[in-house]
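S.K.: okay, structure incoming, though there's no sequence with it:
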């Protein structure tokens, strides 16, 4: 009896090729489309129906079953509500990290195992080995930043069939396998927010609220915004302040609904040497987690040398705090974003900026 | 795809060369605004009016009673604007619309948006239940709306029988001194071109037609409105189309519609005969599939329709298998299918979820001939066998 794999088919090229490779390798493969979000947003038709159709086309091509797992209510609860609450608290959440942690590598993993799967598989660019997460062979496509909170247990039963390949090879394989997704364009950003952007999404949940934009240099009000919630530290675009040099958001005062800006790229608020982290997640022993590693402050950001010091290792991970010190100054990272750590090729964990 | 076999004429039809040629002059050469004062524009207006007259003649109506629209959905919305009128005789309260349970989503949505919507039942063949309809014609019903031919099943409805029920209620209200009017709207988008459609013989008060279903241009439709029916414009502006549909007239569209109508009229008899033979061939060959079920009543079904259920099969998978073979068909109304929703039509005729999942709608037309229909049938049979073999593994 061949081993049973449930592969998440999103209707994109990476997951399609993953499924095709698994079939080729002799696994008993079942495709699963996770229906997490289906609502249209202003200015954006949710492509779920087309994605599901493409996932089904791939399943037909490969001669495998396609199941639909409806996770909409869980996704709303675990990912969307978290996202909105974080923004409301003035932070900048990372819904992709949350989706992987709660939906794809928890809920999907659990349901798949319940239904008799020996393994789950996804089209992520990453590698799993003995319950540890390793960077993808294609450094440029590596998605471990978004996967840093996946449990050891799930990783032990996870296959990443394209993790050892480069993107162009994946496209080539898609053509070779005759998959309809071969030329499909890359989806970007949070899946359901897509190209519309977070602002339009949030405007469904929060009322616009007029506030001042204050110049750090002069302390003067230079313009107005429609809600501090929509702005993120370091953000350059979307400020309706007239002409001249580009403005960057340096900080915001949520209680007063004020956004501070500067034209000075050297402004102290835009750079950090040290950050406090919370919600630490590590696949290493806590004792081993403190140390000097490479860190990444956003998806595809260059890896930088940094030391990680856990604060009180008697606490549970969720309440565990840590301090990260970068060797060189980094562009500011907004509260709510993640710093992810690498020990050579191993991505062992990270934490959320306080 | 080089050679496709198209079996989805109920979803869309290709514009014929003659229609295209008729429309051509009005895009660039005769581009004038029909409302402009100079002679070249007046000629365009005359061509437009003549086009309307010609379409009207085909349904036994007058051109001046046609409101040209951007397709059947808009026509339907305009028909339901009846509920927004400000006629004094209406009194207070939201009035009722009665529609069959298998109406197109455009009708159901308009009925829900404009009126108090109530549905009446259909038989397992998709034929309206006249008894149920009659029992539901209450004093607050203002509009009954039924499609001439169901878009998923191809069932031809007894519109003139329905008209008699509406007429009886009208008489009753007249005798009782009740002021609320009652009208009958028929969406004849499917069926027009293959059936006799005459507003007087059908006995309707409003009729929707769609050029896109009869080898004419998309986004071109019309609503015939019997004089005396008071509607409210859905699109306001410069007051074109008797104020019911403002916006510069789509002359090319109207001319294309006319050309399509005259072609359909000319070929109707022979086309009905031809399609009947093709349908028989197809049905005979598809009967090779174990357990296949043909939906609808053969006698009351439009000759171009062949809806089927193949138990145990996911029809969508079949469609994706067949598209690779170049055979294009669909599960039902395209609008419902691409939202991944279950068809309300199949539920209304009593199909359970598994049956509905195995349902395919084949609709024949000009792009079909004996050869490609036979070939398609073989490919469908083979695909079903392949899928069933996979499932039994």
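M.R.: Looks like it arrived, so ask away. Not measured: the values here are computed from a predicted model.
S.K.: need the residue closest to the centroid of chain A.
M.R.: With distances taken as Cα atoms, centre = their mean, residue A:96 lies nearest the centre of chain A, 3.0 Å away.
S.K.: so who does the residue of chain B found nearest chain A touch?
M.R.: Nearest residue of chain B to chain A (Cβ to the nearest Cβ) works out as residue B:320 at 4.3 Å. The way it works is simple: take the backbone N, C-alpha and C, and place the C-beta from them, glycine included. Applying Cβ atoms under 8 Å, 6 or more residues apart in numbering or on different chains, we find residue B:320 in contact with A:53, A:56-57, A:60-61.
S.K.: and the helix or strand containing it, average pLDDT?
M.R.: In this structure, residue B:320 is located in helix B:315-324 according to DSSP states H and E. Across helix B:315-324, pLDDT averages out at 95.
S.K.: and that helix, which residues are buried?
M.R.: The neighbour-count check on helix B:315-324 (16 or more other Cβ atoms under 10 Å in any protein chain shown) flags B:315-323 as buried.
S.K.: can you check stretch A:221-241 too?
M.R.: Quick answer for stretch A:221-241 (16+ other Cβ under 10 Å): A:225-235, A:239, A:241.
S.K.: repeat for stretch B:274-281
M.R.: Buried positions in stretch B:274-281, judged by neighbour count with 16+ other Cβ under 10 Å: B:274-275, B:278-279.
S.K.: how far off centre is that stretch?
M.R.: 21 Å (Cα atoms, centre = their mean, to the nearest Å).
S.K.: same check on stretch B:132-150?
M.R.: Relative to its parent chain, stretch B:132-150 has a centroid offset of 17 Å by Cα atoms, centre = their mean.
S.K.: swap in stretch A:103-116?
M.R.: With Cα atoms, centre = their mean as the basis, the mean position of stretch A:103-116 lies at 19 Å from the chain mean.
S.K.: look up how far residue B:68 lies from residue B:37.
M.R.: To residue B:68, residue B:37 is 22 Å away according to Cβ to Cβ, to the nearest Å.
S.K.: more neighbours, the two?
M.R.: Between residue B:37 and residue B:68, counting by other Cβ atoms under 10 Å in any protein chain shown, residue B:68 is the more crowded of the two (27 against 7).
S.K.: what's opposite that one in the beta bridge?
M.R.: residue B:222 (DSSP bridges).
S.K.: I'd say it and residue B:245 touch.
M.R.: Yes: at 6.7 Å, residue B:68 counts as touching residue B:245 under the criterion of Cβ atoms under 8 Å.
S.K.: so which residues of the stretch 1-150 of chain A form strands?
M.R.: Along the stretch 1-150 of chain A, the segments classed as strands by DSSP state E, counting those that start in this stretch run A:4-8, A:28-35, A:65-70, A:119-121, A:127-129, A:132-134.
S.K.: flag every buried residue along the fifth one.
M.R.: With burial defined by 16+ other Cβ under 10 Å, the residues of strand A:127-129 counted as buried are A:127-128.
S.K.: now do stretch B:58-68
M.R.: Neighbour-count burial for stretch B:58-68 flags B:58-59, B:61, B:63, B:65-68 (criterion: 16+ other Cβ under 10 Å).
S.K.: which two in those residues are spaced the farthest apart?
M.R.: B:58 and B:67 (16.1 Å; Cβ to Cβ).
S.K.: and residue 219, which helix or strand is it part of?
M.R.: Unless you meant another one, I'm taking chain A. Going by DSSP H and E, residue A:219 is not part of any helix or strand.
S.K.: ah, I was thinking of chain B
M.R.: Assigned by DSSP H and E, residue B:219 falls outside every helix and strand.
S.K.: for whatever residue of the stretch 251-354 of chain A ends up closest to chain B, helix, strand, or coil?
M.R.: Nearest to chain B, among the residues of the stretch 251-354 of chain A, is residue A:299, at 30.6 Å (Cβ to the nearest Cβ). Put simply, residue A:299 is coil when judged by DSSP: H, G, I helix; E, B strand; the rest coil.
S.K.: hey, which strand is longest across chain A?
M.R.: For chain A, the strand with the greatest residue count under DSSP state E is strand A:271-282.
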